[in-house]
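Enquirer: Pasting a predicted model and its sequence here:
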Amino acid sequence: MTWIVGVDVGGTFTDFCALNEDTAESLNFKTPSTPEHPAQAIVAGLKTLCRELGIEPGKVARLDHGTTVATNALIQRHGARVALITTKGFRDLLEIGRQIRPHMYDLNKDAPAPLVPRELRFEVSERVLADGRVRKKLDDAELTSVVDAIAQSGVEGCAVCLLFSFLNPDHERRIAAYLRRALPNLHVSVSSEVQPEFREYERLSTTTLNAYLQPLMSRYLSELSDSVSRLASGIAIGVSQSAGGLMSIERARDMPVRTALSGPAAGVTGAIAVARRANRPNLITFDMGGTSTDVCLIRNFAFETAFQRSVADFPIRLPMVDIETIGAGGGSIAWFDRDGLLKVGPVSAGADPGPASYGKGGTQPTVTDANLLLGRLSDSGLIGGRMPLSAGAARRAFEPVAARLGFSPERTAHGVLSIAVSNMVRALRSVSVEKGHDPRNFVLVAFGGAGPLHASDVARSLGIRELLIPPAPGILCAQGLVVSELREEFVSTLVTPLDGSSRRAIDKQLGSLLAQTRTWFDREGAPLKNRHLSVQLEMRFKGQNFELPVKLDVREDFVPEIPEDGPLKQRFLERHQKTYGYADETGQVEIVNYRVSAFARFKRLASLPEGGRRSSAPRAVPERLVYFDFQSPLMTPVYWRPDIAYGREIVGPAIVEQLDSTTLIFPGDCAKVDDAGNIMIEIRK
């Protein structure tokens, strides 16, 4: 019997899900995070999980990991000191960027300072033309001088990004080989390996970010790998990436920029698995944790992929799950701005000291304190009572704010929750209404430790009538990791007009990518039956700035079915019509990027544990007063979720508590546990 363990490190808690590969038994565990040393919480939690749940460490085959290390490094700007080598005349491109203001109406707001200071940006006199031909060869003597200067600078990493290297990477490869030979301890990041696509600035930015993160992530992953190996040898480690799916720990060391949205992407994967069991193909995910909230729109059990995002105001050109993230979580602090208005977040109390009610030294009022003050959270504590909460400390934190507003602490707490909900509603509107989707046609899937506590308020603001609360909402990101597959992206750029003679160019480009894909499958040891491909061509009208993906069918022998130019153009026109509402049938169409996504599936879908009875009525634990508005509390029954039998209904007001989360059911709403163990809430008022 072997186990796969998914571990998701959040700002407040580190979550574990253990899946037995033979029996599909699933076990969950939760422990406080250690933000300064996240690997400590992982290893300590893994030891406790094995001890308390009776799992032999030697029976753990894989540890799949969602991490925020790269994200936090970018936000806090505590990555490595790095250098940059680029084509002569272009070292200031990193600072010039696209000349787009970061905030349209704030004339004093500037773009973030470049991660590489000007004195550490070095130029080489080489030039590759837009068709890949070499106009000026790389000068070895000049390269030697540049490498000597980098050696003297004391940097930990170096990014290499030359003009048009995505078409002809020879010069970049020569520079990288020289650096690795002369400076073996230097981390080298090469644009033709990190992001071999056109768009010079985005490629440069992505490569620089990768170099900036490499030393930090390499140390962290090495520490994690060594600690896990001491616990039990032979445990393979997979790392969640921003596009969904996993990559090997070796690949994560080389490409840490791919982990910028690691944890949230795993949550989306877990939400889709839950939605399939509930037969709800169209949903909006609502993942609220201790420091942030992540939302994503899903249609027909599939998420949209964004190929360009900004993380901490730095542009990244890589495939990512199209997630919107805001700084709103249980630890979000309530504060007064200079205009005298009350704000909530994005600053968070985090795990240490945490909200005031944690009793660890925090004194500022937070969303968690507000929920405790209103009776929505129990003062018996979190994680099944292992983490007690102090209602008195929460009240003391809110009293100064209440006095300034002239309200009672309870009304102030309700106002704080209303502000937090408004912030989260804006995020949901950005992935739905602002993209032409009516949120009323979607189910809201609430997870994360705080998601089920605020889902009803959020749904009411958007007119959503149905909520889905998974069996283990606070562990869903970790569950998403154990049902994720290994994934790798292969891409190349070649502008190919659809003029009746494109077939040869298409065959050549895709042939090269498919050869790389086969090599990757073989290296990962993926069985033939578990290999899957997704092939798409990114196309546009000639003269457009941005492309639309057109997916190709792939046969069972992994050969893509390539239509003739006419049918291929028609597919693009249909996609353009669907996206923008129009399509010019006489316009000239061209392919820009060729992209192949490879998936290696090793695990079957996790079977979520039942944990409930099928005959008796739900058993309520002692009632308590709960504020559903700021006026008067209602005496509300409280249920322990594992006691609720499948098929049973609960009409609100009610609270459902469990190890990893708390679900709030408003007066008049109807909650029912379906056959998969989900709580389906119908909003009736």
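Expert: Cool, the structure landed. Source: prediction; values computed, not measured.
Enquirer: Beta-bridge partners for Met247, please?
Expert: With DSSP bridges as the criterion, Met247 is bridged to Val239.
Enquirer: Please report the distance of it from Arg127.
Expert: Shown here: Met247 relative to Arg127, a distance of 34 Å by CB to CB, to the nearest Å. C-beta here means a position set from N, CA and C on the backbone, and glycine is covered the same way.
Enquirer: quick one: which of the two has more around it?
Expert: Applying other CB atoms under 10 Å to Met247 and Arg127 shows that Met247 carries more neighbours, namely 23 against 18.
Enquirer: which ones are touching the more buried one?
Expert: By CB atoms under 8 Å, 6 or more residues apart in numbering, the contact set of Met247 is Gly238, Val239, Gln241, Met255, Arg258, Leu486, Arg487, Glu488.
Enquirer: mind pulling up the phi and psi values for Ile419?
Expert: Dihedral angles of Ile419 (phi, psi; degrees, to the nearest 10) stand at phi -70, psi -40.
Enquirer: That one and Cys158, how far apart?
Expert: Distance of Ile419 to Cys158, computed by CB to CB: 45 Å.
Enquirer: again, but for Asp675
Expert: Going from Asp675 to Cys158 by CB to CB gives 56 Å.
Enquirer: Repeat that for Pro117.
Expert: Going from Pro117 to Cys158 by CB to CB gives 14 Å.
Enquirer: out of the two, which sits in the busier spot?
Expert: Set Pro117 next to Cys158 and count neighbours by other CB under 10 Å: Cys158 wins out with 29 against 13.
Enquirer: Skipping its backbone neighbours, what lies nearest the more buried one in space?
Expert: Nearest residue to Cys158 in three dimensions, chain neighbours excluded: Ala83, at 4.6 Å (CB to CB, 6 or more residues apart in numbering).
Enquirer: For the one you found, list the residues it contacts.
Expert: Each residue near Ala83 by CB under 8 Å, 6+ apart is listed here: Val116, Leu120, Arg121, Phe122, Ile150, Ser153, Val155, Gly157, Cys158, Ala159.
Enquirer: Is it correct that it falls within a strand?
Expert: Yes: counting by DSSP: H, G, I helix; E, B strand; the rest coil, Ala83 is found in a strand.
Enquirer: Now do the strands for the stretch 551-685 of the chain: every range, in order, please.
Expert: Using DSSP state E, counting those that start in this stretch, the strands of the stretch 551-685 of the chain run over 560-561, 589-600, 620-626, 634-640, 649-651, 654-657, 662-665, 670-673, 679-682.
Enquirer: of all those strands, which lies closest to Arg465?
Expert: Of all those, it is strand 679-682 that lies closest to Arg465, at 6.7 Å by CB to CB.
Enquirer: Could you give the separation of that closest one from the chain centroid?
Expert: 26 Å (CA atoms, centre = their mean, to the nearest Å).
Enquirer: same check, this time on stretch 22-33
Expert: Computed by CA atoms, centre = their mean, the chain-centroid distance of stretch 22-33 equals 21 Å.
Enquirer: Convert the C-alpha atoms of it to PDB, please.
Expert: What follows is stretch 22-33, C-alpha atoms only, in PDB (Å, rounded to 0.1, in the frame of the first residue of the first chain):
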ATOM      1  CA  ASP A  22      -4.600   1.100  -3.700                       C
ATOM      2  CA  THR A  23      -7.800   1.800  -1.800                       C
ATOM      3  CA  ALA A  24      -8.400   5.500  -2.800                       C
ATOM      4  CA  GLU A  25      -8.800   6.200   1.000                       C
ATOM      5  CA  SER A  26      -8.200   9.900   1.600                       C
ATOM      6  CA  LEU A  27      -7.000  11.400   4.900                       C
ATOM      7  CA  ASN A  28      -6.700  15.100   5.800                       C
ATOM      8  CA  PHE A  29      -4.500  17.100   8.200                       C
ATOM      9  CA  LYS A  30      -3.900  20.800   9.000                       C
ATOM     10  CA  THR A  31      -1.100  22.600  10.900                       C
ATOM     11  CA  PRO A  32      -0.100  26.200  11.400                       C
ATOM     12  CA  SER A  33       2.400  27.500   8.800                       C
END
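Enquirer: Do you have the strands of the stretch 101-250 of the chain handy? List them.
Expert: 121-124, 127-128, 134-136, 157-161, 187-190, 236-240, 246-248.
Enquirer: Distance to Gly375 and mean pLDDT for those strands - can I get that in a markdown table?
Expert: Converted to a markdown table, those look like this (distance: least, CB to CB, whole Å; pLDDT from 0 to 100):
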| stretch | distance to Gly375 | mean pLDDT |
| --- | --- | --- |
| strand 121-124 | 57 | 96 |
| strand 127-128 | 66 | 95 |
| strand 134-136 | 71 | 95 |
| strand 157-161 | 51 | 97 |
| strand 187-190 | 52 | 96 |
| strand 236-240 | 36 | 91 |
| strand 246-248 | 41 | 90 |
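Enquirer: Asp379: which of these is closest?
Expert: strand 236-240 (34.6 Å).
Enquirer: same for that closest one, what does it pack against?
Expert: If you count contacts as 3 or more CB pairs under 8 Å, 6 or more residues apart in numbering; DSSP states H and E, strand 236-240 packs onto strand 60-66, helix 200-231, strand 246-248, helix 249-254, helix 262-278.
Enquirer: Can you spell out the domain ranges of the chain, please?
Expert: Under the assignment automatic domain parsing, the domains of the chain span 3-73+218-259, 74-217, 486-600.
Enquirer: I'd like those as JSON lines, with distance to Ser632 appended.
Expert: JSON lines is the format used below for the domains of the chain (distance: least, CB to CB, whole Å):
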{"stretch": "domain 3-73+218-259", "distance to Ser632": "31"}
{"stretch": "domain 74-217", "distance to Ser632": "41"}
{"stretch": "domain 486-600", "distance to Ser632": "49"}
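Enquirer: So which of the ones you listed is the most surrounded?
Expert: Most buried of the domains of the chain by mean neighbour count (mean count of other CB atoms under 10 Å) is domain 3-73+218-259; its value is a mean of 20.
Enquirer: The stretch 351-500 of the chain: strands as residue ranges?
Expert: For the stretch 351-500 of the chain, the strands defined by DSSP E, counting those that start in this stretch occupy 443-447, 466-469, 486-497.
Enquirer: Any chance of JSON lines for these, columns distance to Gly415 and mean pLDDT?
Expert: Formatted as JSON lines, the strands of the stretch 351-500 of the chain follow (distance: least, CB to CB, whole Å; pLDDT from 0 to 100):
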{"stretch": "strand 443-447", "distance to Gly415": "22", "mean pLDDT": "96"}
{"stretch": "strand 466-469", "distance to Gly415": "23", "mean pLDDT": "96"}
{"stretch": "strand 486-497", "distance to Gly415": "43", "mean pLDDT": "92"}
